[in-house]
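Trainee: Please work out how this folds:
(2 chains)
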Amino acid sequence: MYSCADLKKGLKLLIDGEPHVIVQFDFTKPGKGQALYKCKLRNMLTGSLFDRTYRSGESFEPASLEERDMQYLYQDETGYVFMDQKSYDQVTLNADVLGDDKYFLVDNMEVKVLMFGERGIGITLPNFVDLRVTEAEPWVKGDTAAGNNKPATVESGYTLQVPSFVEEGTLIQIDTRTGEYVTRVKE
Amino acid sequence: MGEPNWTLARKRSILMQRARILTRIRAFFAERGFLEVDTPQRIPVNAPEQHIDPVPSDGWVLQTSPELAMKRMLAAGYETIFQICHVWRDGERGRLHLPEFTLLEWYRSGTDYRALMADCVALLQALTDGHSLCRQGREISLAPPWQVLTVSDAFHRYAPRSLAEAIADRSFETILTEAVEPCLGQDKPTFLIEYPAALAALARLKPDDPTVAERFELYIDGMEIANAFSELNDPVVQRQRFVADEQERRSAGKSAAPLPEKFLQELPTMPDAAGIALGLDRLIMLLTDTPRIDDVVALAPEDL
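Mentor: Numbers count the residues shown, from 1 in each chain, chains lettered A, B, ... in the order given. As a prediction, this is how the structure comes out:
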């Protein structure tokens, strides 16, 4: 069982027999009062979102889900297709289930697919992915101050903040857990 | 050679503002005759609090607030003192919470909590040039008078049930956090005053209405910024409250601690006084228009 202290973004809980994941989490506490744990939960089967606030002392049942190593193959009109490289079983996950994770998929990437019975209900990406910048304002010569930033779009259509020296065509590393820029990749 | 840590590098302008704010706060209190003090951060025991858990440190604990040491200074005759220090509260981590954060505390002898409201107004005005704050494009005026609202009136105005009902069914914190706090300090800062006597902690009860304590919390943009009391200096009542808090902790299965006996011994010589603890990181969030407490510190615990 989990306690309130275990709650965090990404934790998977079994609620009314169905797996749920915490997609947003915040700890709040009125000065001298009791702590409150505010969660936005997504039902991993239906995709529906709802808010729930827990108080210290409550406990939670972990959602024990099987994770299978799979390779990302391609996207078609039914969704994103993954294959188990040992059994050659294929599963398809739709864009809603993947959320922002879909922006970090690269062909042939090895991921863990979360299974509820025979259904794929989510993926765990590698922590870092390299993607090429397709759109960014040019670098203004002389702007060398560390810490200056600007928006950029990468090949998957995802937009993020990058340092000012990153230009169109640059290959960058992104942390898939936070969606944030890490570093340029040497080619 | 890799690139510098970009998340840390991009905080430079906010960290520079943070340093300037600290300098101005010290000047503000020095001009008003306050003595800056620096009491130990690792101590044998904190004031018992039902819902604040200290971090153990080799048999002692890290301070959850410098309150006891500063009140012992009041009792020894130091009349106006302030301190800027780190405090530790175990398990508190969220958008507005760091388990190690910075408090500004100040105390005034010979007065009550109303004097601290005037200090808050003057301090915020000294720290802002235009006498207003900008939060995500919205302006919050700092021109006095600020809003003063009793807890009871705030529940009446914003909550789905009355204060008495909320205390009876133990939903006080939930309703305060979810229904009341977001409405406070939106056009102007709000002083939420007159907490129910059961939530008095180390505050004195109001002489002409002992059902409420002389305690206020300052809210700006829905965010709790400071907590202030007219300080309780009756050692018998203070001991009873400490014992009750410790019993509540034990029955909730939490660690209990011995009572702060040196503080209780010296309390009888503490004059009438008022004290306030202000969350400095949150104040800096307001002054730099940033949404998360992580934005105003160099490194959060997850970065260590």
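Trainee: for chain B, what are the nearby residues on chain A?
Mentor: A:5, A:25-36, A:53, A:55, A:57, A:146-149, A:163, A:180-184 (C-beta under 8 Å from any C-beta of the partner chain). To be clear about C-beta, it is placed using only N, CA and C from the backbone, and glycine gets the same treatment.
Trainee: do that again at 7 Å, thanks
Mentor: A:5, A:26-36, A:53, A:146-147, A:149, A:163, A:181, A:183-184 (C-beta under 7 Å from any C-beta of the partner chain).
Trainee: Pairing partners for the residue nearest to A:M70 when sequence neighbours are not counted in the sheet, please.
Mentor: Distances taken as C-beta to C-beta, 6 or more residues apart in numbering or on different chains put A:F82 closest to A:M70, at 4.1 Å, once the chain neighbours are dropped. Counting by DSSP bridges, A:F82 forms beta bridges with A:Y72, A:V91.
Trainee: Going along the chain, name the strands of the stretch 201-304 of chain B.
Mentor: With DSSP state E, counting those that start in this stretch, the ranges of strands along the stretch 201-304 of chain B come out as B:205-206, B:209-220, B:223-230, B:273-279.
Trainee: Please produce a markdown table containing those strands, extended by distance to chain A.
Mentor: Listed next are the strands of the stretch 201-304 of chain B as a markdown table, based on distance: least, C-beta to the nearest C-beta, whole Å:
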| stretch | distance to chain A |
| --- | --- |
| strand B:205-206 | 16 |
| strand B:209-220 | 6 |
| strand B:223-230 | 5 |
| strand B:273-279 | 9 |
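Trainee: Including mean pLDDT and mean neighbour count, could these go into JSON lines?
Mentor: What follows is the strands of the stretch 201-304 of chain B, written out as JSON lines (pLDDT from 0 to 100; neighbours: other C-beta atoms under 10 Å in any protein chain shown):
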{"stretch": "strand B:205-206", "mean pLDDT": "95", "mean neighbour count": "18"}
{"stretch": "strand B:209-220", "mean pLDDT": "96", "mean neighbour count": "21"}
{"stretch": "strand B:223-230", "mean pLDDT": "96", "mean neighbour count": "24"}
{"stretch": "strand B:273-279", "mean pLDDT": "98", "mean neighbour count": "24"}
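Trainee: And the ones you listed: which comes nearest A:R68?
Mentor: Ranking the strands of the stretch 201-304 of chain B by proximity to A:R68 (C-beta to C-beta) places strand B:223-230 first, at 44.1 Å.
Trainee: Excluding its own residues, what touches the closest one? List them.
Mentor: A:30-31, B:96, B:112-113, B:116, B:120, B:181, B:202-204, B:214-219, B:274-279, B:282-283 (C-beta atoms under 7 Å, 6 or more residues apart in numbering or on different chains).
Trainee: A:M44 is nearest to which of the strands of the stretch 201-304 of chain B?
Mentor: Closest among these, using C-beta to C-beta: strand B:223-230, at 32.9 Å.
Trainee: partners of that closest one in the sheet?
Mentor: For strand B:223-230, pairing defined by DSSP bridges yields strand B:209-220 (antiparallel), strand B:273-279 (antiparallel).
Trainee: can you tell me how far B:E246 sits from chain A?
Mentor: According to C-beta to the nearest C-beta, to the nearest Å, B:E246 and chain A sit 15 Å apart.
Trainee: my bad, B:I14
Mentor: If you go by C-beta to the nearest C-beta, the gap between B:I14 and chain A works out to 10 Å.
Trainee: quick one: contacts for that residue?
Mentor: Going by C-beta under 7 Å, 6+ apart, B:I14 touches B:T288, B:T290, B:D295, B:V296.
Trainee: Produce a PyMOL select command limited to the buried residues of those.
Mentor: To isolate the buried subset of these in PyMOL, counting by 16 or more other C-beta atoms under 10 Å in any protein chain shown, use the following:
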select buried, chain B and resi 290+295+296
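Trainee: Near B:A76, how many residues? Count them for me, please.
Mentor: Neighbours of B:A76 under the rule other C-beta atoms under 10 Å in any protein chain shown: 10.
Trainee: Which ones among the residues of chain A next to chain B lie within helices?
Mentor: Secondary structure from DSSP state H places none of the residues of chain A next to chain B in helices.
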